[in-house]
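**Student:** Please find the sequence and the predicted model below.
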Amino acid sequence: MKTSSFTAIALCAALLVAGTTSALVTNDYFFSASYTVLQFVVLATAWNVLGGFTGYVNFGTAAFFALGAYSSIALDKLFEAPIALSILSGTAVAALVGLGMGYLTLRLRGVFFAIATLALAEVLFTFVVNWEYVGGARGAYVILQGRPPLGFRSFVQFLFAIMTLMAAGAVATARFVQTSTLGRGLAAIRDDEVAAECSGVPTLRLKLVSTTVSGGLMGMAGATFPYFLSYVEPHGVNSIAMPLIGGMHHWAGPVIGALLLGGLQQVLQVNVSADWNLFLVGALLVAKGVTKRFGGFVALGGVDLSVGAGERVGLIGPNGSGKSTLVNCIAGTVRGGGSIEFDGHDLGPLPPHRRIRLGIARSFQIPRPFSSMSVLDNLRIPLLYAARAHPLLQRSRGHETEEAMSILRQVGLETKAGRLSRELTQVDMRKLELSRAIASHPKLLVADEALAGLSAAEVDEILAILLEMKGRGVAVILIEHMMRAVLRFSERIAVLVVGRKIADGPPETVLRDPAVERAYLGQ
Ligand SMILES: Nc1ncnc2c1ncn2[C@@H]1O[C@H](COP(=O)(O)OP(=O)(O)OP(=O)(O)O)[C@@H](O)[C@H]1O
Ligand SMILES: [Mg+2]
């Protein structure tokens, strides 16, 4: 089939799919799940242009994706650019960086090239994380306002339609590259670069085309991401496994891989219990049927909650819905019914001090510092009593001070190390609460309203500390009323209402859930 007819058919099919699903399907979850799968299709296809066709392994997918995403955020901040312009610029920026990467690194072969892309990704991340204008390490978001364009019922539907077109475009591009003279040249490079050069293939130039196209497509996928999630932060995307599963030498390989892997992931998220999904990605906390009565009053009526290793979960719910009671049941300060497993241990009989040694740290809704002690001494307590129980972290006496100071530096409290804790301001008190929890070397941190009563700038400061926990592989449950903060922070949101969990899933789905809207409006 000619490239032009294939492209036309692919784009028409995409329009048809977007049109009919928008008319027939009303469940926004379908669109958000499909968007994610199609985004994988674009990323895997893009990766394969360089990795599969040309034989150069690029570990920098996430960086190119982030370039697209952050260029959208920058444009939005500059002049609220329309989404089409954001996509164009995201593609262009990532393509240019792809070209640059090609120039800098393509004289490297095999594993050395792959290592160079890792380094490049690292450099790009460092740049983005320190670029305050687009939110730095705290990330940023783009909020679509007004009514969805072109008669779409919701923005997710609109974004899904755009992603469908982009996926069709990416696949058509990859097919063109594969079937053209260019593709044959790339295949020759993949098989034997010297022989290719000696057969007349301008290897460097072809490889540059390949890095540029591959990078550009990745940036294109990233460009719509801030609109989709309403929030972006630097994070990794794995698009290498997909072509590996589907086959790397043909344009259809990454498509099949992405549909299989991405589809499976989405299906598991929706249909299979949270436990199973977490079983696959690694469950840290599995609470089942947690109940708690105070006299005749049911504060928790059988709540299930699972948290994966390193996951960030937002726990929301109106006042008195049982959030703090759930925290207390997990931390062990309140005994309820049901079962709670953590990191493979049954927590049933364990007192709080044993639970924190397993890695469950919590902060209190109303800070509870050791008020007779200095800030530094507050941290020494968990360092001596909680962290030391971790066999690998046994240390001789005296190192606590050093470590306590380093934690205080992380949270920006180092100048107040000698102060009495009761003299601290509200925000510093919150920081102390968190740093004392961090000092216990947790695997899971439960932050009960760590942001209550803080100014916007202070909220950002504390959120940055919490977001940083992710980098250290710590899972966090954030309980918070301020929606902006919850949205920025959470990979998943669970909603409690009068002692029952009424929703649990990706933020964009949970917030659009009518039951959740009712619970909040009915307050
Ligand atoms: N020790 C207790 N004795 C009696 N009732 C309690 C006790 N602790 C909590 N409750 C009740 O249990 C319910 C849930 O309280 P909880 O503190 O868990 O709510 P929450 O979701 O954390 O609320 P908030 O957002 O106000 O912090 C409330 O009605 C509260 O009055
Ligand atoms: Mg509470």
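**Tutor:** Perfect, I can see it now. Ligands and ions are numbered 1, 2, ... in the order given.
**Student:** switch to C-alpha atoms for all contacts and neighbour counts from now on
**Tutor:** Will do.
**Student:** State the number of residues packed around Thr333.
**Tutor:** 13 (other C-alpha atoms under 10 Å).
**Student:** so it sits in a strand?
**Tutor:** No: with DSSP: H, G, I helix; E, B strand; the rest coil as the criterion, Thr333 is coil rather than part of a strand.
**Student:** Looks like it contacts His353 (just checking).
**Tutor:** No: at 9.6 Å, Thr333 and His353 do not qualify as touching, with contact defined as C-alpha atoms under 8 Å.
**Student:** And the next helix or strand past the longest helix seen in the chain?
**Tutor:** As assigned by DSSP state H, the longest helix anywhere in the chain is helix 155-179. Of the helices and strands lying after helix 155-179 in sequence (DSSP states H and E), the nearest is helix 181-191.
**Student:** Could you list the buried residues of that following helix?
**Tutor:** Leu182, Gly183, Arg184, Gly185, Leu186, Ala187, Ala188, Ile189, Arg190 (16 or more other C-alpha atoms under 10 Å).
**Student:** now stretch 117-134
**Tutor:** Those would be Thr117, Leu118, Leu120, Ala121, Leu124, Phe125, Val128, Val129, Val134, for stretch 117-134 by 16+ other C-alpha under 10 Å.
**Student:** ok, and what's touching the helix or strand containing Leu384?
**Tutor:** Per DSSP H and E: Leu384 is located in helix 375-385. The contact list for helix 375-385, computed with C-alpha atoms under 8 Å, 6 or more residues apart in numbering, reads 369-370, 400-401, 404-405, 416-421, 432, 435-437, 439-440.
**Student:** Tell me if stretch 317-330 is near ligand 1.
**Tutor:** Yes: using C-alpha under 6 Å from any ligand atom, stretch 317-330 reaches ligand 1 at Pro318, Asn319, Gly320, Ser321, Gly322, Lys323, Ser324, Thr325.
**Student:** Whichever of those end up buried, select them in PyMOL.
**Tutor:** One line in PyMOL is enough to select the buried ones among the residues of stretch 317-330 next to ligand 1; burial here means 16+ other C-alpha under 10 Å:
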select buried, resi 318+321+322+323+324+325
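**Student:** how about the residues of stretch 317-330 next to ligand 1, which pair is most distant?
**Tutor:** The span of the residues of stretch 317-330 next to ligand 1, defined through C-alpha to C-alpha, is set by Pro318 and Thr325 at 13.2 Å.
**Student:** Any buried residues in the helix holding Leu384, and which?
**Tutor:** Val375, Leu376, Asp377, Asn378, Leu379, Arg380, Ile381, Pro382, Leu383, Leu384.
**Student:** Make JSON lines from those residues and add distance to ligand 1 to it.
**Tutor:** As requested, the buried residues of helix 375-385 are exported to JSON lines (distance: C-alpha to the nearest ligand atom, whole Å):
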{"residue": "Val375", "distance to ligand 1": "26"}
{"residue": "Leu376", "distance to ligand 1": "28"}
{"residue": "Asp377", "distance to ligand 1": "28"}
{"residue": "Asn378", "distance to ligand 1": "24"}
{"residue": "Leu379", "distance to ligand 1": "25"}
{"residue": "Arg380", "distance to ligand 1": "28"}
{"residue": "Ile381", "distance to ligand 1": "26"}
{"residue": "Pro382", "distance to ligand 1": "24"}
{"residue": "Leu383", "distance to ligand 1": "28"}
{"residue": "Leu384", "distance to ligand 1": "30"}
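**Student:** a markdown table for those residues, including distance to Leu300 and pLDDT?
**Tutor:** Listed next are those as a markdown table, based on distance: C-alpha to C-alpha, whole Å; pLDDT from 0 to 100:
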| residue | distance to Leu300 | pLDDT |
| --- | --- | --- |
| Val375 | 35 | 94 |
| Leu376 | 37 | 93 |
| Asp377 | 36 | 92 |
| Asn378 | 32 | 93 |
| Leu379 | 32 | 92 |
| Arg380 | 34 | 89 |
| Ile381 | 32 | 90 |
| Pro382 | 29 | 89 |
| Leu383 | 33 | 87 |
| Leu384 | 34 | 84 |
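**Student:** Now stretch 415-429 - C-alpha only, CSV.
**Tutor:** Backbone C-alpha positions of stretch 415-429 (Å, rounded to 0.1, in the frame of the first residue of the first chain) are rendered in CSV as follows:
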residue,chain,number,x,y,z
THR,A,415,18.9,26.7,61.3
LYS,A,416,16.3,25.9,64.0
ALA,A,417,17.9,22.6,65.1
GLY,A,418,18.7,24.0,68.5
ARG,A,419,15.3,25.6,69.1
LEU,A,420,12.8,24.2,71.6
SER,A,421,10.2,22.5,69.5
ARG,A,422,7.3,24.3,71.3
GLU,A,423,8.6,27.6,70.1
LEU,A,424,8.2,26.8,66.4
THR,A,425,5.8,28.5,64.0
GLN,A,426,3.0,26.5,62.4
VAL,A,427,4.8,25.7,59.2
ASP,A,428,8.0,24.7,61.0
MET,A,429,5.9,22.5,63.4
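**Student:** For it, buried residues please.
**Tutor:** Buried positions in stretch 415-429, judged by neighbour count with 16+ other C-alpha under 10 Å: Lys416, Ala417, Leu420, Ser421, Val427, Asp428, Met429.
**Student:** who's in contact with the first one?
**Tutor:** Spelled out, that is Lys416. Going by C-alpha under 8 Å, 6+ apart, Lys416 touches Val375.
**Student:** Okay, it and Arg436: tell me how far apart.
**Tutor:** 14 Å (C-alpha to C-alpha, to the nearest Å).
**Student:** How about the last one?
**Tutor:** Between Met429 and Arg436 the distance is 10 Å, computed by C-alpha to C-alpha.
**Student:** any common contacting residues for those two?
**Tutor:** Contacts common to Met429 and Arg436, judged by C-alpha under 8 Å, 6+ apart, are absent.
**Student:** in the protein, which ranges drop under the pLDDT threshold?
**Tutor:** Low-confidence segments of the chain (pLDDT under 70): 26-29, 129, 132, 135-147, 229-247, 266-282, 388-398, 470-471, 521-523.
**Student:** how does it divide into domains?
**Tutor:** 3-268, 275-519 (automatic domain parsing).
**Student:** which of those domains sits most buried?
**Tutor:** domain 3-268 (a mean of 20; mean count of other C-alpha atoms under 10 Å).
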